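>>> Everything below, folded, please.
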Amino acid sequence: MTSVLIDNGFNRSKNDYCLFTRTDTDVTTHVLVCVVDIVIGSRNQQYVYVLLNNLCERFKMDDRGPLPWILGMSKISGAGLESINQTHYIDECVNRLGHEGYKPVSTPADAAVMLAVMQQ
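From the prediction side, this is the model:
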């Protein structure tokens, strides 16, 4: 996959080896490769379709359409804005730890309380 993306003009991120980026005149395209999932993001939908078709010809894969979830986060689109929401992931963590009945607070402890080490 790496060589195919590089052959298509992408550069691999030095900070995250899963991220590949290609910048054309006015459009940047990002490809995120996470084990068996690939996420393609670009404002140029035509280029996304061309890239996806190229990848489908070389690898056994299919297009699952718009991305509703990634890494336990939901993707929300609207009004020209893309955002992610981790509510589902947080709820799963809370349930897994058995803390479903706990009530939320603005801060987990009183900020005015000073802690000290007790001598034994």
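>>> In the chain, where's the longest helix?
For the chain, the helix with the greatest residue count under DSSP state H is helix 45-58.
>>> Name the residues of it that come out as buried.
Of the residues in helix 45-58, 48, 51, 55 count as buried by neighbour count, 16 or more other C-beta atoms under 10 Å. In short, each C-beta sits where N, CA and C put it, glycine included.
>>> which ones are touching residue 67?
With contact set as C-beta atoms under 8 Å, 6 or more residues apart in numbering, residue 67 has these partners: 39, 75.
>>> secondary structure class for it?
coil (DSSP: H, G, I helix; E, B strand; the rest coil).
>>> any idea how far residue 93 is from it?
Noted for residue 67: a distance of 22 Å to residue 93, by C-beta to C-beta, to the nearest Å.
>>> I'd like the distance between the residue of the chain most remote from its centre and residue 33.
Residue farthest from the centre of the chain, counting by C-alpha atoms, centre = their mean, is residue 120 at 48.3 Å. Per C-beta to C-beta, residue 120 is found 53 Å from residue 33.
>>> re the thing from before, what residues does the residue farthest from the centre of the chain make contact with?
By C-beta under 8 Å, 6+ apart, residue 120 has no neighbours at all.
>>> Dump the buried residues of helix 45-58 into TSV; add distance to residue 40 as well.
Listed next are the buried residues of helix 45-58 as TSV, based on distance: C-beta to C-beta, whole Å:
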residue	distance to residue 40
48	5
51	6
55	9
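>>> which residues sit against the helix or strand of the chain with the lowest mean pLDDT?
When the helices and strands of the chain are scored by mean pLDDT, DSSP states H and E, strand 69-70 comes last with a mean of 76. Identification of contacts with strand 69-70 by C-beta under 8 Å, 6+ apart yields 32, 34, 37, 39, 75, 84.
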